[in-house]
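Visitor: Pasted the sequence and its predicted model underneath.
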Amino acid sequence: MIGLVNYSREPYSVELRELPAPEIGKDDILLRVHAVGICGSDLHQYTGTHSWQVNYPVVLGHEFSGYVAAVGKEVRGFREGDRVVSETAAVLPQDSPLIRQGLYNLEPKRLGFGYGVDGAMASFVRAPARCLHHVPAAVTLENAALTEPCCVAYNAVCVHSRLRPGDSVAVIGPGPIGLLCAAFAKLSGAGHLVVIGTRVDGKRLETAERMGADMTLGAKGEDVGEWVRNFGDGYGLDLVIDAAGVSASLKLALDIVRPAGHITKVGWGPQPLSFSLDQLVQKAVTLQGSFSHNWPMWEKVITLLAGDKISLAPLVNRISPLSDWREAFEEMHSGNIVKGVLLP
């Protein structure tokens with residue numbers, strides 16, 4: 001089979017290679033990949049700018065859907081030909097108190113597809129049956145491949161954030177996760193939704209408007225702080241979601257959140273903080289981290305996708321064969337597209 005392999009820490013050490021098809025164990029499923037989303041983490045590994053350990057060489061790709069091609073002898077509930085989508089926790093330790101709590105997404109020793117074990121930018125991928133969910137007929141496999149980033153956003157907004165209908169919400173960072181956070185905030189009843197980017201985010205901020213944002217800021221160099229001081233009662237926004245991850249975005253979140261408000265940080269960033277956290281204390285703000293997802297969230301997101309409660313059409317700008325991976329990576333990296341999907 002053909003797979004897209006990240007073979008070294010050096011930047012741009014990614015290439016298509018001929019690989020043997022995976023062998024499955026008794027609890028595994030061999031999945032014939034139909035669609036795989038390109039994630040920002042794939043781009044970071046491609047450019048060598050990631051901050052996590054990678055087991056080289058490894059096939060990229062952790063947002064994927066496809067068809068069951070073979071099942072292990074102890075697998076129940078799936079059969080050949082089923083349409084499925086997979087979670088990302090490919091390898092879990094046997095005895096973990098976090099797993100016993102259902103918090104396997106927070107288990108530090110877990111290994112995920114695309115960095116810890118081979119991912120799905122290939123013809124086939126091996127996945128534990130516990131990772132799989134059936135895809136309803138109402139959901140295309142291209143959209144099903146984006147269940148994973150939808151679950152990241154669902155966890156950040158619907159599980160970890162304090163959001164009530166009518167609340168004002170800002171999302172900082174109009175990448176795919178930020179845009180999906182905006183969509184879930186709107187679905188959850190945000191009274192006023194603003195998405196904040198930078199001058200290079202013009203196309204992504206236009207997408208934010210198509211996904212329900214009431215206001216976008218940053219493409220024209222607007223003064224975000226000044227806008228917030230003139231919004232509503234001038235005290236700030238009820239909820240700020242930091243989907244950018246850089247030090248400056250958390251500083252902005254602290255500046256624009258209202259006293260007793262809530263900040264949810266879902267974006268990653270290796271930079272050290274370069275500012276005081278006194279505003280966190282002075283405003284009595286709740287700062288909440290959010291990471292990954294677990295089984296119930298996947299089931300809820302799949303239900304929402306099947307009911308057309310979340311539209312992914314504005315987000316997906318390019319669907320390409322795997323052979324065109326480089327062009328798709330570069331277009332997404334440059335911001336020309338928001339989200340690309342590959343068809344192995």
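Guide: Cool, got the structure.

Visitor: Residues touching the helix or strand hosting Lys251, excluding its own?
Guide: Taking DSSP states H and E as the criterion, Lys251 maps to helix 247-256. Outside of helix 247-256, the residues within contact range by Cβ atoms under 8 Å, 6 or more residues apart in numbering are 170, 172-173, 196, 224-225, 228, 236-237, 240, 242, 263, 265, 267, 269, 271-275, 277, 279-280, 283, 285. (C-beta placed from N, C-alpha, C; glycine too.)

Visitor: Would you mind writing the ChimeraX command to select the buried ones in the residues you listed?
Guide: This is how ChimeraX selects the buried members of the contacts of helix 247-256, with burial counted by 16 or more other Cβ atoms under 10 Å:
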select :170,172,173,196,224,228,236,237,240,242,263,265,267,269,280,283,285
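
Visitor: Select from the contacts of helix 247-256 every entry located in helices.
Guide: Val224, Gly225, Val228, Gln279, Leu280 (DSSP state H).

Visitor: wait, which of the residues you listed is closest to Glu23?
Guide: Among the ones in helices among the contacts of helix 247-256, Leu280 lies closest to Glu23 (Cβ to Cβ), at 50.4 Å.

Visitor: Rebuild the ones in helices among the contacts of helix 247-256 as a markdown table, extending it with pLDDT and distance to Ser323.
Guide: A markdown table is the format used below for the ones in helices among the contacts of helix 247-256 (pLDDT from 0 to 100; distance: Cβ to Cβ, whole Å):
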| residue | pLDDT | distance to Ser323 |
| --- | --- | --- |
| Val224 | 97 | 42 |
| Gly225 | 95 | 47 |
| Val228 | 97 | 46 |
| Gln279 | 97 | 50 |
| Leu280 | 97 | 48 |
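
Visitor: Please produce JSON lines containing those, extended by distance to Glu63.
Guide: Listed next are the ones in helices among the contacts of helix 247-256 as JSON lines, based on distance: Cβ to Cβ, whole Å:
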{"residue": "Val224", "distance to Glu63": "30"}
{"residue": "Gly225", "distance to Glu63": "35"}
{"residue": "Val228", "distance to Glu63": "34"}
{"residue": "Gln279", "distance to Glu63": "35"}
{"residue": "Leu280", "distance to Glu63": "33"}
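
Visitor: from the residues you listed, which two are the most distant?
Guide: So for the ones in helices among the contacts of helix 247-256, where distance means Cβ to Cβ, the most widely separated pair is Val224 and Leu280, at 18.5 Å.

Visitor: Most distant residue from the centre of the protein?
Guide: Asp233 (33.2 Å; Cα atoms, centre = their mean).

Visitor: which one of the ones in helices among the contacts of helix 247-256 sits closest to Tyr115?
Guide: Taking Cβ to Cβ as the measure, Tyr115 lies nearest Leu280 of the ones in helices among the contacts of helix 247-256, at 31.7 Å.

Visitor: and the closest residue in space to Ala243 that isn't next to it in sequence, what does it touch?
Guide: Distances taken as Cβ to Cβ, 6 or more residues apart in numbering put Gly178 closest to Ala243, at 3.3 Å, once the chain neighbours are dropped. The neighbourhood of Gly178, defined by Cβ under 8 Å, 6+ apart, consists of Val171, Ile172, Val195, Ile241, Ala243, Ala244, Gly267.

Visitor: Equivalent analysis for Val135, please.
Guide: By Cβ under 8 Å, 6+ apart, the neighbours of Val135 are Ser65, Arg83, Val84, Val85, Leu141, Ala144, Ile302.
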